[in-house]
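Colleague: here's a sequence, model it:
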Amino acid sequence: MRARQVGRTIAAEMRPFLSALLLAGAFCAASACARSEPGQASPHLPHIPVYPGAQLLQSVIRPHQDPTEYYLVADASQDEVLDWYRRRMSEEGWSASTDPDEDFVIYHTAEGCYAFVAAFANPDGTVELQLSQQDPDTPCYPYVTSEPGDD
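Modeller: Residues are numbered from 1 along each chain as shown. Next up, the predicted model:
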């Protein structure tokens, strides 16, 4: 009899947790928490590969603004993620226009389209990854930098 009461008490205490877990599962089932395939691009950012195994947290898609997506990487360090992007973006025809050793790197194509990749280490060892690509309705312009001293 006592075991049955303890079981009911535990079940009652777990009900809010289980409800939240089921709600999170339904949310993730709607692909908000989808894991990316190795090197796969998002439909919102078709020219930027997504780090393998990155978990999509949020897509921010608004008219006349650059689409941006936020991911969580649990199985790699910040340096590993940034190294992977240095290689992959170059392979895809992108050139870093800011110091590629920074946490936030702006990339350009020869046609002048732009994108950025940012990776930030979290205290728990995960990496927050932010990807953004130029709004597809915005024309690309060749990226020109001034020579030192021309300011």
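Colleague: got a list of contacts for the helix or strand containing residue 90?
Modeller: Residue 90 is part of helix 78-91 when elements are defined by DSSP states H and E. For helix 78-91, contacts defined as C-beta atoms under 8 Å, 6 or more residues apart in numbering pick out 39, 48-49, 51, 73, 76, 96, 100-101, 103, 105, 107, 115, 117, 119-121, 127, 129. In this view, the C-beta of every residue, glycine as well, is placed from N, C-alpha and C.
Colleague: just the buried ones from the residues you listed, in ChimeraX syntax?
Modeller: To isolate the buried members of these in ChimeraX, using 16 or more other C-beta atoms under 10 Å:
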select :48,49,51,73,76,96,100,105,107,115,117,119,127,129
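Colleague: inside strands: which ones of the contacts of helix 78-91?
Modeller: 73, 96, 105, 107, 115, 117, 119, 120, 121, 127, 129 (DSSP state E).
Colleague: what is the second one paired to in the beta sheet?
Modeller: The one in question is residue 96. Legend: beta-bridge partners of residue 96 under DSSP bridges are residue 107.
Colleague: per-residue confidence for it?
Modeller: If you check residue 96, the pLDDT there is 89.
Colleague: test my guess that it contacts residue 107.
Modeller: Yes: look at residue 96 against residue 107 with C-beta atoms under 8 Å: they come within range, at 5.8 Å.
Colleague: and stretch 118-138, end to end?
Modeller: 22 Å (C-alpha to C-alpha, to the nearest Å).
Colleague: neighbouring contacts of that stretch?
Modeller: Contacts of stretch 118-138 (C-beta under 8 Å, 6+ apart): 42, 44-48, 50-51, 54, 64-74, 76-78, 81-82, 85, 103-105, 113-117, 140.
Colleague: for that stretch, buried residues please.
Modeller: 118, 119, 126, 127, 128, 129, 130, 131, 132, 133, 134.
Colleague: and the residues you listed, which two are furthest apart?
Modeller: With distances taken as C-beta to C-beta, the most widely separated pair in those is 126 and 134, at 27.5 Å.
Colleague: any idea how far residue 67 is from residue 115?
Modeller: For residue 67, the distance to residue 115 equals 10 Å [C-beta to C-beta, to the nearest Å].
Colleague: what's the overlap in contacts for these two?
Modeller: Common neighbours of residue 67 and residue 115 (criterion: C-beta under 8 Å, 6+ apart): 45, 132, 133.
Colleague: understood, closing this out.
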